[in-house]
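Enquirer: Provided below for reference: sequence and predicted model.
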Amino acid sequence: MAGGDRVAGGDRAAGGDGGSLVVTVSGPDRPGISVRIFERLAWLGLELLDVEQVQVHGRLLLCLEVAAPAHDDDDGDDDGATWVRESVEEALGGLQVGPGHLQVVVTPVAGPRLASGPRQLVTVLAPRLAAATLGGLFGRIAAAGGNVDRIVRLSRYPVTSYQLVVSGGEPGRLRRELSAEAARQSVDVAVQAAGLHRRAKHLIVLDVDSTLLQGEVIDLLAERAGCAAEVAAVTAAAMAGEVDFAEAMHRRLALLAGLDAGVLEEVAEDLVLTPGARTLVRTLKRLGYVTAVVSGGFVQVIERLAGELGIDHVAANVLEVADGRLTGRLVGAMVDRAGKAEALARFAESAGVPLSQTVAVGDGANDLDMLAAAGLGIAFNAKPAVRSAADATLNVPYLDAILFLLGISRDEIEAADGE
């Protein structure tokens, strides 16, 4: 039957027995293709059920699902597929349809549409992503009973990243399978539930030392106090589990006793941000995120930097100063592992953001409670124990790669910077 034999609104265009047709159009992209197709489907009176379109280097792939038209069993018309294909080809006639040009394929799908179930967002990042790497990850998704519905490239630099929309499969198993493959392939993978919460108001809390900043503030102070080796030894004992965080902090502070308080200003001026830190904070502020830093470091050193970056909240230890010198003690309660989680909850309540819509980023053991309490806990160049406990890991040296885990593309970041 020719495409011009329009029967929109009649028996032919009415829905059939619950089946559908998948219309696939591929070939060189050019203006006007989509509008011609949608106008023709409307003219035919076919109900649009789903649509996806991608364009890669000038090549178009457009897939549409429409309700199958009613048909006569004896007309040999394969559920209306030929009728629809010929009509769509006719609509595209002036745009060169045929071998080497636009191709139109219409495939019948029998039976009712299947519910896709809950979807997961899988973000993959690495300096380079080879086909073998993606093949291994796709194999793990299939092993977990999942299916990749959509792939979106988020960035080409400073890292390559893709976001996959995955339907089916048990989320816990999906995380385990992908975590194992990520370790094998030396890439970063994050798995998050899809949903409207990603568009809601959020709070992000960043650790400071070795996360927002390169290095540790207390090490900078120790260098000026002439006790760098002694402080480093206590830090190493704490990391080995020989000394807990609070005891290690007290020992290191005691080594700083007598240091001129003017050094705090000098250290504040010498702080070095992690690459991408300014881009991260600037972009999050544009998106309406509430931002905070929570640190086992010191307010007197990081507060000015937080102000310059426009960070909304700061929680950190306060060094005691007497007669212009450090006493080797703190004022008030210590911000330790539990204190960081408490600060996250406090800032979330102040901002009116549920914990499920918070993001926490850290690298050390004293960040574990905070990462666990947040809706999304991100281990940034972290210790092995932290990586294994976090929802997502980043092992690239760029802090703004966090934006890709939030579904924000490099093109969107650069467009916002150009406004």
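Expert: Yes, it's here. Residues are numbered from 1 along each chain as shown.
Enquirer: what residues sit buried inside stretch 243-255?
Expert: Val243, Phe245, Ala248, Met249, Arg251, Arg252, Leu253, Leu255 (16 or more other C-beta atoms under 10 Å). For glycine as for every other residue, the C-beta is placed from the backbone atoms N, C-alpha and C.
Enquirer: what's that stretch in contact with?
Expert: Stretch 243-255 has contacts (C-beta atoms under 8 Å, 6 or more residues apart in numbering) with 218, 222, 225, 227, 230-231, 234-235, 237-238, 296, 317, 319, 326, 328-330, 334, 336-337, 365-366.
Enquirer: only the buried subset of those residues, as a ChimeraX command please.
Expert: In ChimeraX, a selection of the buried entries from the contacts of stretch 243-255 looks like this (16+ other C-beta under 10 Å):
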select :218,222,225,227,231,234,235,238,296,317,319,326,328,330,334,336,337,365,366
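Enquirer: take the contacts of stretch 243-255 and keep only those in helices.
Expert: Using DSSP state H, Ile218, Ala222, Ala225, Glu230, Val231, Val234, Thr235, Ala237, Ala238, Arg337 are the members of those that sit in helices.
Enquirer: so which of those is the closest to Glu65?
Expert: Arg337 (50.5 Å; C-beta to C-beta).
Enquirer: contacts only, for the closest one.
Expert: So Arg337 contacts Phe245, Ala365, Asn366, Asp367, Leu368, Asp369, Met370 (C-beta under 8 Å, 6+ apart).
Enquirer: CSV for these, including pLDDT and distance to Arg153?
Expert: Below are the contacts of Arg337 laid out as CSV (pLDDT from 0 to 100; distance: C-beta to C-beta, whole Å):
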residue, pLDDT, distance to Arg153
Phe245, 86, 41
Ala365, 88, 35
Asn366, 90, 36
Asp367, 94, 30
Leu368, 94, 33
Asp369, 96, 35
Met370, 97, 31
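Enquirer: Throw these into TSV and include distance to Arg156, thanks.
Expert: Output for the contacts of Arg337, formatted as TSV (distance: C-beta to C-beta, whole Å):
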residue	distance to Arg156
Phe245	40
Ala365	34
Asn366	35
Asp367	30
Leu368	33
Asp369	36
Met370	32
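Enquirer: ok so Ala401 is a helix residue?
Expert: Yes: counting by DSSP: H, G, I helix; E, B strand; the rest coil, Ala401 is part of a helix.
Enquirer: so it touches Thr393, yeah?
Expert: No: using C-beta atoms under 8 Å, Ala401 makes no contact with Thr393, being 10.9 Å away.
Enquirer: what touches both of those two?
Expert: Asp188.
Enquirer: in the stretch 201-350 of the chain, which spans are helices?
Expert: 217-225, 228-239, 245-256, 262-269, 277-286, 299-309, 337-351 (DSSP state H, counting those that start in this stretch).
Enquirer: who are the packing partners of the second one?
Expert: Helices and strands in packing contact with helix 228-239 are listed as helix 217-225, helix 245-256; criterion 3 or more C-beta pairs under 8 Å, 6 or more residues apart in numbering; DSSP states H and E.
Enquirer: which residues does that helix contact?
Expert: By C-beta under 8 Å, 6+ apart, the residues outside helix 228-239 that reach it are 216, 218-219, 222, 243-245, 247-248, 251-252, 255-256, 365, 383.
Enquirer: now that helix and helix 217-225, what's the angle there?
Expert: 160 degrees (axes from the mean of the first three to the mean of the last three C-alpha atoms, to 10 degrees).
Enquirer: which residue ranges of the stretch 301-419 of the chain form strands?
Expert: Counting by DSSP state E, counting those that start in this stretch, the stretch 301-419 of the chain has strands at residues 313-322, 325-331, 358-362, 376-380, 392-394.
Enquirer: make CSV from those strands and add mean pLDDT to it.
Expert: Shown next, in CSV, are the strands of the stretch 301-419 of the chain (pLDDT from 0 to 100):
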stretch, mean pLDDT
strand 313-322, 97
strand 325-331, 97
strand 358-362, 96
strand 376-380, 95
strand 392-394, 93
